[in-house]
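1. what follows is a predicted structure for the sequence shown.
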Amino acid sequence: MAFIDSLGALPEQLLSIWHTYRLPLVLLTLAIALHICLRRIRSRSPPLKTLPEVKCVNHDHPGHAKEGYTMYGSVAEEFSMCFDCLYAAQIEKLGGGDVMVEMKPEWLPENTTVTNLESVAVVKEERAVEKVKKAPRRVKGTKVSRRARKPVDVGFDHARDKIQPLVFFQSLSGTTERYAMEFLAIFNDWSQGSECTKSLLDPQLHDLSYIEYDDYFISPPKASPNTKYFYVILVPTYNIDTVLSTFLENLSETHNDFRIDTAPLSGLLGYSVFGFGDKEGWPTEEEGFCSQAKEVDRWMARLTGRKRAFPLGVGDVKSNAQQRLDEWRFGVQEALEEIARGRGLGEGVPGSGDPAESDEEEEVDESEDSSSGDQSSKRTERKKKAGRVDDLEDLGGMVNSTNTSTDFVIPIDFTTYSSKPKPKPAPAPKEMVPVSSPTHTALTKQGYTIVGSHSGVKICRWTKSALRGRGSCYKYSFYGIASHLCMEATPSLSCSNKCVFCWRHGTNPVGTTWRWITDSPETIFNGITQGHYKKIKMLKGVPGVRAERFAEAMRIRHCALSLVGEPIFYPHINELLTLLHKERISTFLVCNAQHPAQLQSLIPVTQLYVSIDASNKASLKAIDRPLHRDFWERFTTCLDILRNRRSEQRTVFRLTLVKGFNMADEVRGYADLVERALPGFVEVKGVTYCGTSDSKSAGLTMQNVPFYEEVAEFVRALSDELVSRGLPYGIAAEHAHSCCVMLADETRFKRDGKWATRIDFEKFHDLTEGKVEGTRMVDGKVVGWRPEDYIGNDTPEWALWGNGGFDPRDQRVYRKGKGPKAEEEKPEVRLVEI
Ligand SMILES: Cc1cc2nc3c(=O)[nH]c(=O)nc-3n(C[C@H](O)[C@H](O)[C@H](O)COP(=O)(O)O)c2cc1C
Ligand code: SF4
């Protein structure tokens, strides 16, 4: 009986326990749930890469690179630092006005030496899970019964709408560009005389190297509601890494991006692709003839929801390209006429009209394409044969197959996918600039020596000038680098931007990740130094070369890692810098502020530059045309890193002014950036105009090159703005000859009231070799050196602001029509490259 009584009281007791302990119980349950979730996520993490054990610079035993640590830097390099040490170093620094930098896992370079990615992988996956939760992929479609198919309506009202044809092309050595121009001209003539003239707008030509992919290939461009777009795409094929590979990658990324509809270009009226290839080298399609055109066509089919208006055309540039192109053009014109008459893309599979061709696509893309009724009914058929129905699509398909009513449509939620795309094997790395590539030919023609397959060296015009006693570049005036002792090189000809002022985009390799065959730092060091000396020797016979300068030039003292491309993209940049420093060659390194992880892990150089090509997000996008979608976050993070590293090396902002792009109304914006990063120096120079057709296509003409006086005026305004904010910058020096002016932090680079911007190079090397002790202290202990430890002589009088910056000991030579008589001492507005 007592037992029954106590049983009766149980609910009350439980309730009382609950009231007393509910908080700890809830917390315990949450902790267990979280633990289970994390374990699941971990177990789903991809297999971890095992790489050689690496030593962290702050820990003297190799075992420090233990599980869970990401090593920055590269293989077995004493300068590598683990994530924890970087973090600890940052915290230590914060006392000195430094800032906390958040390093995102996705910014880690893929080829950085990584011992174990577990901690990062978990964070990455957690973020991905978070993102998916926030924005589930939910693509809705409407199935149309197969039997009920009518001509495919592309949403064109022929009485009201206009067709805007856009002709895209890509060309490395000019063939496709030539054909694209001719195509445009003939197409234009046809459209004027065509019966559908009133519906057709003038076609526009776009070079794929210059456009923002996001403006055209995420959704059709925004225009008036009655303007509908039709894409014509002409491309060559290259079995090497080119801009075309980046374009294809972009199409694939867009299609697979879970935030974007799988067919975001379905608003187009239609598209068609034509490919140029070479049957002599690639005789058949199996052997790669026009393979990239084929890929573009496939991706466009997916992105447009199969709006192929006319089949892929291909032409052999050595035999039938013109004939094939003409035939294909007739087909495209006919398709346009059909659209203009309001007949859409004809009957059959949307756009293609060729069932066999669509089957072929389905083979490749079965799991990805959900927009076609056909696709899904075929899939359903197969699964019915296999005796199972396992997703909503199948249900939709089954209802469709039994219903003959043309009005019966079922909204289908494609959120649940049963099948996953087959994982593709990672492509084998290619050479960045193979000898056979047009890039190699073009660079060599321009005087570059290509070293290995991704590095380059070039003699700059100032080196020649200095050898002849006609003056050095601004680096001599500002910092004491004589141009004939300086080598200009890059270990990466590729870059993640497509700056409007950069050399030839069509042939310039670009990419967001390092995916090329990698040369060793020794190969690069030997190659660039030998290449440099070889070119110097060739100048032996040039009239005016001074014997003593020629002899001096046979020992490189400085290396400017700039030229084209992005030096810190090279995964072994730290080893290369070490080799240079070992030879007591000083290093000036210019980076484009797009690779925060590499910048963070870079060893101290003599002078570290960040290119500041704009002062705000919109302007930076317009001028640098970065490939990274999070370019602004990367950029600002790099500024924070620069701020934190200013106590260990000389840091510089390099502003390249382009009139009409980044000058007007941007002074305050630039001042904000200076305030953020507090660089030691701000170099402001006018853009160099290279005058190629490529720069014209990028929208750059001589009108965009500022006059020296305009640059000077800009610098005065910037200086005033900085001073008004209480920032200690003043205009220190100028080199009017190269249209360049320098501002400097006067609390650090002014001694006894005099500018001291020059460098004591010998002292820098002694510091790096440990021959002398630096003065950078943490907790009362010396931990390295400061930029102030290797300040050289005072800036010479002739280099100071207002004095022009030309060493009076050199002979000034004016070009025809220039000079004091011609221009009454107006500085020459001829710009240099660097
Ligand atoms: C390095 C290199 C690789 C090439 N690879 C292929 C290829 O894989 N398949 C093909 O059909 N043509 C290939 N070609 C031929 C080009 O596609 C052809 O020459 C085309 O006309 C080049 O166009 P462009 O001058 O507009 O750049 C290659 C050419 C070069 C120089
Ligand atoms: S960052 Fe430098 S190399 Fe890259 S595109 Fe711009 S100018 Fe060219």
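-> Perfect, I can see it now. Quick caveat: nothing in here was measured; it's all calculated off a predicted structure. Ligands and ions are numbered 1, 2, ... in the order given.
2. got the contact list for the residue most central in space within the chain?
-> Nearest residue to the geometric centre of the chain (Cα atoms, centre = their mean): Ser496, 2.3 Å. The contact partners of Ser496, by Cβ atoms under 8 Å, 6 or more residues apart in numbering, come to Val510, Gly511, Thr512, Glu566, Phe569, Asn592, Gln594, His595, Pro626, Leu627, His628. Heads up, the C-betas are built off the backbone N, CA and C, glycines and all.
3. what helix or strand is Gln594 on?
-> Gln594 is part of no helix or strand, with elements assigned from DSSP states H and E.
4. over to it: give its phi and psi.
-> Reported as degrees, to the nearest 10, the phi and psi values for Gln594 are phi -120, psi 0.
5. distance check, it against Gly511.
-> To Gly511, Gln594 is 11 Å away according to Cβ to Cβ, to the nearest Å.
6. counting by contacts, list what the helix or strand harbouring Phe478 packs against.
-> Using DSSP H and E, Phe478 sits within helix 474-479. In this structure, helix 474-479 makes packing contacts with strand 681-686, strand 729-735, strand 740-745, judged by 3 or more Cβ pairs under 8 Å, 6 or more residues apart in numbering; DSSP states H and E.
7. of those strands, which is nearest ligand 1?
-> Closest approach to ligand 1 among these is made by strand 681-686 (32.0 Å; Cβ to the nearest ligand atom).
8. partners of the closest one, with directions?
-> Counting by DSSP bridges, the strands paired with strand 681-686 are strand 650-657 (parallel), strand 740-745 (antiparallel).
9. which one of Gln594 and Gly511 has more residues nearby?
-> Comparing Gln594 with Gly511 by other Cβ atoms under 10 Å, the one with more neighbours is Gln594, at 26 against 20.
10. so that one sits against Arg629, correct?
-> No - counting by Cβ atoms under 8 Å, Arg629 is not a contact partner of Gln594; they are 11.4 Å apart.
11. make JSON lines from the helices and strands packed on helix 474-479 and add distance to Val314 to it.
-> As requested, the helices and strands packed on helix 474-479 are exported to JSON lines (distance: least, Cβ to Cβ, whole Å):
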{"stretch": "strand 681-686", "distance to Val314": "45"}
{"stretch": "strand 729-735", "distance to Val314": "53"}
{"stretch": "strand 740-745", "distance to Val314": "50"}
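12. can you list the ones you listed in a markdown table and add mean neighbour count?
-> Formatted as a markdown table, these follow (neighbours: other Cβ atoms under 10 Å):
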| stretch | mean neighbour count |
| --- | --- |
| strand 681-686 | 24 |
| strand 729-735 | 23 |
| strand 740-745 | 26 |
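13. between the contacts of Ser496, which is nearest ligand 2?
-> Asn592 (3.7 Å).
14. show the pLDDT at the closest one.
-> Note on Asn592: pLDDT of 93.
15. likewise the one 5 residues further on?
-> At Ala597, the model reports a pLDDT of 93.
16. which SS state does it fall under?
-> Judged by DSSP: H, G, I helix; E, B strand; the rest coil, the three-state class of Ala597 is helix.
17. JSON lines for the contacts of Ser496, including distance to ligand 1 and secondary structure?
-> Converted to JSON lines, the contacts of Ser496 look like this (distance: Cβ to the nearest ligand atom, whole Å; DSSP: H, G, I helix; E, B strand; the rest coil):
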{"residue": "Val510", "distance to ligand 1": "16", "secondary structure": "strand"}
{"residue": "Gly511", "distance to ligand 1": "17", "secondary structure": "coil"}
{"residue": "Thr512", "distance to ligand 1": "22", "secondary structure": "coil"}
{"residue": "Glu566", "distance to ligand 1": "23", "secondary structure": "coil"}
{"residue": "Phe569", "distance to ligand 1": "22", "secondary structure": "helix"}
{"residue": "Asn592", "distance to ligand 1": "26", "secondary structure": "coil"}
{"residue": "Gln594", "distance to ligand 1": "27", "secondary structure": "coil"}
{"residue": "His595", "distance to ligand 1": "28", "secondary structure": "coil"}
{"residue": "Pro626", "distance to ligand 1": "24", "secondary structure": "coil"}
{"residue": "Leu627", "distance to ligand 1": "20", "secondary structure": "coil"}
{"residue": "His628", "distance to ligand 1": "26", "secondary structure": "coil"}
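18. fine by me, we can end here.
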